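[1] what follows is a predicted protein model with its sequence.
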Amino acid sequence: MLIYLVPALIFMHACHGGGRSDASLTDEAEVSPSGEIILTREQFDESAMQVGAPSSMMFSEEISANGIIGPSLYGRAKISTLISGRIRDLNFSMGARVKKGEVLFTLQSHEIIILQQDYAEVVQQLTLLLSDYERLKSLSEENIIARKDFQRTESEYRTMLARAEGLKERLRMINIDPAGVEKGSILPVLSVISPISGVVTRQELVLGDFVEPQETVMEVVDTRKLQLNLWLFESDLAGLASGQTVKFFTPGNEEQVFEASLSHIGKSLDTKTKTVQCIARIQPEDMGAFVNNLFVEARIVTCQRETMAIPESALIREPDRDFVWVRIDENGDQMTFRKVPVQTGVTREGYTEVLEENLSEILLEGAYMLWSAD
């Protein structure tokens, strides 16, 4: 788990300007036997030093994860056919935008024609069987014919009706109108349409290709329905909850950070990668900035709390402890500074958390000039 600090208040930052060099300040500073340093007001001002107290900041705990931007459940369509045939027309290429219902390509084969002929023949047979069925039903009710004769005709009729309904649905599935076939209109090709609007992200067809049923030949992705897919280790799952903010960016472009909202936390562990897949919703206004299968780095904000921090430059880092210079006295033109140990927390973006209370009069700017004077 990574821990970060995000400034809530901006410290005043002064550049070193035309102040004295480190060596000259050290040479001119007065050092007491106890190690305290006495500076004049002139030395303090010319060195662009600043004194103040820790500032309130927001302390954030974050979990790092890798992710890929991809389509949501209803934002991706794999295109295949339910019947074999050869490609006659191609209307869209890789990267092209397509609307729902538009024809992606057309397919021609003998099977398409035979299917329509079968349906037309069955419809004609069904018409004759229906006539016999209604006639024998009336005779059976009047006890003019044997009951078994009517039942045989009824069975034949219902069998043919089921076959007709099955063929009708097969025609609808390949986008051929059964009503037109019933009227004698036989189409030589079938049209494969896009079930969603989006961008063609896969296209493996050329004119004349023979396509087998169930073979994926195109893919359409709706870039308005992208989501962030994250993979986290099992040890990081305890701090996760739906609704948490996810900050993410593309590698090498950390200055441009986008936000998403954690929506789904996986419950299945991938035995190979030892990770669990989670999903975050991307802000709708940011959708246009991404492409399908884009790799990103992410940080999930698990909690935030207010804390106190100082610029990292105000700290004196030593192997065992951290220190700060504190102004303990100001008398006329002179200021006295003492090196005071402090307990620190995490550092992020140039600021370090300090755990001591009631700290004030800390040398926030220019502390490095007193290092060699110690």
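    Good, I have the coordinates. Numbering: from 1, shown residues only.
[2] can you list the low-confidence ranges for the stretch 51-200 of the chain?
    Applying pLDDT under 70 to the stretch 51-200 of the chain flags residues 140-142, 144, 146-147.
[3] how about the strands in it?
    With strands called from DSSP state E, counting those that start in this stretch, the stretch 51-200 of the chain shows them at 55-71, 76-79, 85-90, 97-98, 103-108, 189-193, 198-203.
[4] gap between the last one and the chain center?
    Relative to its chain's centre, strand 198-203 lies at 19 Å (C-alpha atoms, centre = their mean, to the nearest Å).
[5] what does the following helix or strand past that strand contact?
    Per DSSP states H and E, the first helix or strand lying C-terminal to strand 198-203 is strand 210-211. Contact partners of strand 210-211, identified using C-beta atoms under 8 Å, 6 or more residues apart in numbering, comprise 81, 84-87, 107, 205, 217. (Glycine included, C-beta is placed from N, CA and C.)
[6] with stretch 187-197 instead?
    So stretch 187-197 is in contact with 74-77, 79, 81, 83, 85, 88-89, 97-108, 112-113, 116, 174-176, 180, 220, 222, going by C-beta under 8 Å, 6+ apart.
[7] can you give me the strands in the stretch 201-350 of the chain?
    210-211, 218-221, 226-233, 245-249, 258-269, 275-282, 294-311, 316-317, 322-331, 334-342, 344-348.
[8] would you turn the ones you listed into CSV with mean neighbour count, distance to Gln124 and mean pLDDT?
    Formatted as CSV, the strands of the stretch 201-350 of the chain follow (neighbours: other C-beta atoms under 10 Å; distance: least, C-beta to C-beta, whole Å; pLDDT from 0 to 100):
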stretch, mean neighbour count, distance to Gln124, mean pLDDT
strand 210-211, 16, 31, 92
strand 218-221, 23, 37, 94
strand 226-233, 21, 51, 93
strand 245-249, 19, 62, 93
strand 258-269, 15, 53, 92
strand 275-282, 20, 53, 94
strand 294-311, 18, 56, 88
strand 316-317, 15, 93, 87
strand 322-331, 17, 94, 92
strand 334-342, 18, 95, 92
strand 344-348, 17, 79, 82
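[9] circling back: what subset of the contacts of stretch 187-197 is buried?
    The neighbour count (16 or more other C-beta atoms under 10 Å) marks 75-77, 79, 81, 83, 85, 98, 104-108, 112, 116, 174, 176, 220, 222 as buried among the contacts of stretch 187-197.
[10] return the distance of stretch 62-78 from the chain's centre.
    On the basis of C-alpha atoms, centre = their mean, stretch 62-78 sits 5 Å off its chain's mean C-alpha point.
[11] ok, stretch 283-301 next?
    On C-alpha atoms, centre = their mean, the centre of stretch 283-301 falls 5 Å from the chain's centre.
[12] ok, stretch 297-313 next?
    With C-alpha atoms, centre = their mean, you get 23 Å for stretch 297-313.
[13] measure Phe337 to Glu353 for me?
    Distance of Phe337 to Glu353, given as C-beta to C-beta, to the nearest Å: 22 Å.
[14] ok, Pro178 next?
    Taken as C-beta to C-beta, the span from Pro178 to Glu353 is 72 Å.
[15] now swap in Leu39 and tell me
    Remark: distance between Leu39 and Glu353 (C-beta to C-beta) = 28 Å.
[16] so those two - more neighbours on which side?
    Each of Leu39 and Glu353 has its neighbours counted (other C-beta atoms under 10 Å); Leu39 has more, 25 against 19.
[17] hey, what's the spatially closest residue to the more buried one that is not a sequence neighbour bridged with?
    What sits nearest to Leu39 in space, not counting adjacent residues and going by C-beta to C-beta, 6 or more residues apart in numbering, is Met335, at 5.1 Å. Beta-bridge pairing of Met335 under DSSP bridges involves Leu39, Glu330.
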